[in-house]
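Enquirer: Provide a 3D model corresponding to the input given below.
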Amino acid sequence: RAVAVPAAAPAAAQGRVLGLEVEAGYKLKTRKAAAKRFKVTASGKVMRRSPGKQHINKNKPTHRLRRLSKESPVDCGQIDQIIGMMPTSGIDRSTAKAVTRKTKD
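Expert: Have a look, this model is predicted:
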């Protein structure tokens, strides 16, 4: 249900938060599963845990387990989805994509 807002109203009243267009009267909520899985660094990079270290670790070499313990940056193609799941996290789309591309190369 959309509420009519005058054209001269401030951005917050029109439902624009961090570049996202939302219907008036809708509260932006963070998906808690995403908030537990992703961390945003001070430089704007979005980090995630590496998969493959939950079980059957006895067969894996120690140096591999050590490498899997480290966090790795999220691919730049996934940034838009993460911003959608965590709209109030303060992720800057252009900065996050630029920083992620820089670390990949």
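
Enquirer: Give me the distance between the residue nearest to the spatial centre of the chain and V40.
Expert: Nearest to the mean C-alpha position of the chain, by CA atoms, centre = their mean, lies I82 at 3.5 Å. In this view, I82 and V40 are 9 Å apart by CB to CB, to the nearest Å. All C-beta spots, glycine's among them, are computed from the backbone N, C-alpha and C.

Enquirer: Run through who's touching the helix or strand A33 falls within.
Expert: If you go by DSSP states H and E, A33 is part of helix 32-37. Applying CB atoms under 8 Å, 6 or more residues apart in numbering, the external contacts of helix 32-37 come out as 48-49, 82, 85-86, 89.

Enquirer: ok now that helix, how far from the chain's centre?
Expert: Computed by CA atoms, centre = their mean, to the nearest Å, the chain-centroid distance of helix 32-37 equals 9 Å.

Enquirer: what's the answer for stretch 67-81, then?
Expert: 10 Å.

Enquirer: Alpha carbons of it, in CSV - could you do that?
Expert: What follows is stretch 67-81, C-alpha atoms only, in CSV (Å, rounded to 0.1, in the frame of the first residue of the first chain):
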residue,chain,number,x,y,z
ARG,A,67,44.2,-21.4,4.5
LEU,A,68,40.5,-22.3,4.9
SER,A,69,40.4,-20.6,8.3
LYS,A,70,41.1,-17.2,6.7
GLU,A,71,38.3,-14.9,5.5
SER,A,72,38.1,-14.2,1.8
PRO,A,73,36.5,-11.3,0.0
VAL,A,74,33.1,-11.7,-1.6
ASP,A,75,33.0,-11.7,-5.4
CYS,A,76,32.0,-8.4,-6.9
GLY,A,77,29.1,-10.0,-8.7
GLN,A,78,27.5,-10.9,-5.3
ILE,A,79,27.7,-7.4,-3.8
ASP,A,80,24.3,-6.3,-5.0
GLN,A,81,22.6,-9.3,-3.5
